[in-house]
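Peer 1: Predicted structure and sequence below. I'll ask about it afterward.
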Amino acid sequence: MGLSNSQHDAIMRVYDRRQFQDKREQDERVAEVNARIPRIAELSDAVSAAMAQAARCRLNGDEAGAKRLKEEAAGLREQKAVLLRENGYPEDYLEIRYQCPDCRDKGYVDGKKCHCFRHMEIELLYDQSTIRDQLERENFDTLSMDFYDRERVDEKLGMTVYEYMSSVIGECREFVEAFGEEKGSILFTGEVGSGKTFLSNCIARELIRNCFSVVYKSATDLFELLSESRFGNRDDEEAKEKAAGILDCDMLIIDDLGTELINSFTASQLFYCINERLNRKKGTIITTNLSLNRLRDEFTDRVASRIIGCYRIIPLRGDDVRMMKQGYRFPQE
């Protein structure tokens, strides 16, 4: 999905404004030079006349005449270049100057998005995610393994927490790499501070950099938005658009599921959201402190069944990383 139609149109309006600005600035340079060197204006008119005659010659099948007139136009352009140099101007001073010479401020090159379009697209997707600053702090580049125990073997894991979390991070990287072909979903479970949100942000940042649309919502905010779109003002187009974005974005992150007020509405809306996104082949990441059994008890069997059957379940292990970053060290058992 990437950009919505309205977002794409907004970027194209930027290019329209750029082209208008490019042309206006060129016209100002032409007016400046023509006023200072009138001969330049005469030569420009002569070039235009010669090229127009060359075009008529081609239409009449007179290739020799067209060639002669093109050579004449080239000579006139050279005279312009000499005059510009003699008066202290660069030879290309009268040419249009594009902010992006590769696409000539059109946004596309050979039918494909230019790198400058991609840059604006990524900027828009960052803004859409609502967690731009957080993603700059929490990503694969800033991820540190220093807080995971490399010595003590966890009996449940059969390996150290460091080894286990290394494999989890590798799985998250593979998830990102495969996302273009298979928009899978993940359930991160684990205690407070185990890294669920951090890993979600790592994935989100890489997806945005690959021009996938990502929307982050805490569970509380998600259900408030869904409630507002369903029971609020029916003429509230902004609420409707936000609710539609929840279903249409490439990746939806639902953070801290289980911390909100859980009732029949939230359970039904969670199932609707999960099921609809699966049917649309969209990716979802859910983070929760709840175990799978608690998830089933709180949100019904059908919610748990859809998650267990269609999501990668990734339990996270280790002590509270947030507390360790503040200097606290947990005692060894």
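Peer 2: Perfect, I can see it now. Numbering: from 1, shown residues only.

Peer 1: all contacts plus neighbour counts: C-alpha atoms, from now on.
Peer 2: OK.

Peer 1: all strands of the stretch 101-250 of the chain, in order?
Peer 2: Taking DSSP state E, counting those that start in this stretch, the strands of the stretch 101-250 of the chain run over residues 108-109, 112-113, 153-154, 159-160, 186-189, 214-218.

Peer 1: who does the first one touch, helix- and strand-wise?
Peer 2: Read it as strand 108-109. Helices and strands touching strand 108-109, by 3 or more C-alpha pairs under 8 Å, 6 or more residues apart in numbering; DSSP states H and E: there are none.

Peer 1: can you tell me which of the strands of the stretch 101-250 of the chain comes nearest to Ala304?
Peer 2: When these are compared by C-alpha to C-alpha, strand 186-189 sits nearest Ala304, at 10.8 Å.

Peer 1: Only the buried residues of the helix or strand where Val33 lies, if you could.
Peer 2: Using DSSP states H and E, Val33 sits within helix 5-36. Neighbour-count burial for helix 5-36, counted by 16 or more other C-alpha atoms under 10 Å, picks out Ile11, Met12, Val14, Tyr15, Arg18, Gln19, Asp22, Gln26, Arg29, Val30, Val33.

Peer 1: Repeat that for stretch 257-276.
Peer 2: By neighbour count on 16+ other C-alpha under 10 Å, the buried set for stretch 257-276 is Leu257, Gly258, Thr266, Ala267, Gln269, Leu270, Phe271, Cys273, Ile274, Asn275.

Peer 1: Stretch 60-77 too?
Peer 2: Quick answer for stretch 60-77 (16+ other C-alpha under 10 Å): Gly65, Ala66, Leu69, Lys70, Glu72, Ala73, Leu76, Arg77.

Peer 1: how distant is it from the center of its chain?
Peer 2: Distance of stretch 60-77 from the chain centroid (C-alpha atoms, centre = their mean, to the nearest Å) equals 49 Å.

Peer 1: got it, and stretch 42-55?
Peer 2: 46 Å.

Peer 1: could I have it exported to CSV, CA atoms only?
Peer 2: Extracted in CSV, the C-alpha atoms of stretch 42-55 (Å, rounded to 0.1, in the frame of the first residue of the first chain):
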residue,chain,number,x,y,z
GLU,A,42,17.9,38.2,-30.8
LEU,A,43,20.0,35.0,-30.9
SER,A,44,17.3,33.2,-28.8
ASP,A,45,14.6,34.2,-31.2
ALA,A,46,16.8,33.1,-34.2
VAL,A,47,17.4,29.7,-32.6
SER,A,48,13.7,29.2,-32.1
ALA,A,49,12.9,30.2,-35.7
ALA,A,50,15.6,27.9,-37.1
MET,A,51,14.3,24.9,-35.0
ALA,A,52,10.7,25.6,-36.1
GLN,A,53,11.8,25.7,-39.8
ALA,A,54,13.7,22.4,-39.2
ALA,A,55,10.6,20.8,-37.9
